[in-house]
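>>> One predicted model, sequence on top.
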Amino acid sequence: MITELYTVYRSELLRYCCMICGNVSDAEDLLQETFMKALSNLDLLEDLGEKERRAWLYRVARNLFYDSCRRQAVEQSHMPRPEEETDGVFSDFETAMFLSSLPPDLSQIFIKRYFQGYNSKELAEEYGLSPSGVRAALSRARKLLREKLKE
């Protein structure tokens, strides 16, 4: 059955994967994962009609793509960003001086986010803002710090 599914749907599913992934290499990986998932769910697929099997394959490909995007977002959120890397560049005293140049509300949000590990959602709840409002405040704080550093 898996050979039949692969033969019938491979090319159209690969086009779909290319469309959502944006490149052939990732699309081929996604296609392979989709058919591996199909292989592990043969019992379910045997009970479905032809249209339902096709829909199932597309849904699995889409969900695997979303999972991959979420995984990448989580991995990137745990990687330090260039503007966050201050270890070894400034002393604690210099860092405190720069942070004291910020307005108190921005300073507190900045410290909690980058030094104490709070995320945007937690800060939003604490300060009564939306997560995007927290990100905007952090952007303003980074901009002010960059200007201060240029001086």
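It's in.
>>> Worst mean pLDDT across the helices and strands of the chain, which element?
Ranked by mean pLDDT, DSSP states H and E, the weakest helix or strand in the chain is helix 92-100, scoring a mean of 68.
>>> Quick one: mean pLDDT over whichever helix or strand comes after it.
The C-terminal neighbour of helix 92-100 among helices and strands, as given by DSSP states H and E, is helix 104-114. Averaged over helix 104-114, pLDDT sits at 80.
>>> Now helix 104-114 - C-alpha only, CSV.
Output of helix 104-114 as CSV, limited to C-alpha atoms (Å, rounded to 0.1, in the frame of the first residue of the first chain):
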residue,chain,number,x,y,z
PRO,A,104,12.7,53.0,34.8
ASP,A,105,9.9,51.0,33.2
LEU,A,106,12.1,50.1,30.1
SER,A,107,15.0,49.3,32.4
GLN,A,108,13.0,46.9,34.5
ILE,A,109,11.5,45.1,31.4
PHE,A,110,14.9,44.9,29.8
ILE,A,111,16.5,43.4,32.9
LYS,A,112,13.8,40.9,33.5
ARG,A,113,13.8,39.8,29.8
TYR,A,114,17.5,39.6,29.1
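>>> I'd like the next helix or strand past it.
helix 120-127.
>>> following that following helix, which helix or strand comes up?
Next along from helix 120-127, by DSSP H and E: helix 131-150.
>>> Done for today, thanks.
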